[in-house]
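In: make a model of this:
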Amino acid sequence: MFCLGILHKRTSNCSKIVYRQKIFLMKIESVIKVILAALLLLCMFNMPYGYYQFVRFLAMIGLAILAYKSYERQEKVMAIVYVGFAILFQPLIKISLGSEIWNIVDAIVGLGLIVTIFIKPKTEKN
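Out: Numbers count the residues shown, from 1 in each chain. You can find the predicted model right below:
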């Protein structure tokens, strides 16, 4: 997120634009979290097998995006957690857990995503 000083003569306008960009990106992350949480919680119901494959693919992509954004904000612990879940949900090499364990994992990750919308982790500074 940057603002070109050449285009904006006042720094206050520049900072407002950067602030709006940050708010927009935070909303995008919240939308990703809500959609993933809803999809994961729907996995607790009896769905066709293709739905679970679709959810695994979307979860891998969404969690990878969340990991990247967390890493950009210096939230290293959350980035590692998101990467771990992205690896768990990746559809290429299936991790064989029983359906009951997958239901528990889906519920925990789905609820965890909702919680992270409201509770922001502290950033780690080196």
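
In: pLDDT at the nearest residue to Met60 once chain neighbours are set aside, what is it?
Out: Excluding its sequence neighbours, the residue lying closest to Met60 (C-beta to C-beta, 6 or more residues apart in numbering) is Gln90, at 4.6 Å. C-beta coordinates here come from the backbone N, C-alpha and C atoms, glycine included. The model reports Gln90 with a pLDDT of 86.

In: quick check: phi and psi on Gln90?
Out: Backbone geometry at Gln90, expressed as degrees, to the nearest 10, gives phi -60, psi 140.

In: check the gap between it and Arg56 for me.
Out: According to C-beta to C-beta, to the nearest Å, Gln90 and Arg56 sit 7 Å apart.

In: higher neighbour count, these two?
Out: A count of neighbours by other C-beta atoms under 10 Å puts Arg56 above the other of Gln90 and Arg56, at 21 against 17.

In: is the closest residue to that one other than its chain neighbours in a helix, a strand, or coil?
Out: Spatial nearest neighbour of Arg56, excluding adjacent residues (C-beta to C-beta, 6+ apart): Pro91 at 4.2 Å. Assigned with DSSP: H, G, I helix; E, B strand; the rest coil, Pro91 falls in the coil class.

In: helix or strand right after the helix or strand containing Met78?
Out: Applying DSSP states H and E as the criterion places Met78 in helix 76-89. Next helix or strand after helix 76-89 toward the C-terminus (DSSP H and E): helix 99-118.

In: hmm, who's touching that next one?
Out: The contact list for helix 99-118 (C-beta atoms under 8 Å, 6 or more residues apart in numbering) reads 30, 33-34, 36-41, 43-44, 59, 78, 85, 88, 97.

In: looking at those, which are in helices?
Out: Residues of the contacts of helix 99-118 located in helices (DSSP state H): 30, 33-34, 36-41, 59, 78, 85, 88.

In: CSV for those, including distance to Thr116 and neighbour count?
Out: Output for the ones in helices among the contacts of helix 99-118, formatted as CSV (distance: C-beta to C-beta, whole Å; neighbours: other C-beta atoms under 10 Å):
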residue, distance to Thr116, neighbour count
Ser30, 9, 15
Lys33, 6, 20
Val34, 11, 14
Leu36, 11, 24
Ala37, 10, 22
Ala38, 15, 12
Leu39, 16, 19
Leu40, 13, 25
Leu41, 15, 17
Ala59, 15, 25
Met78, 7, 20
Phe85, 12, 23
Leu88, 17, 16
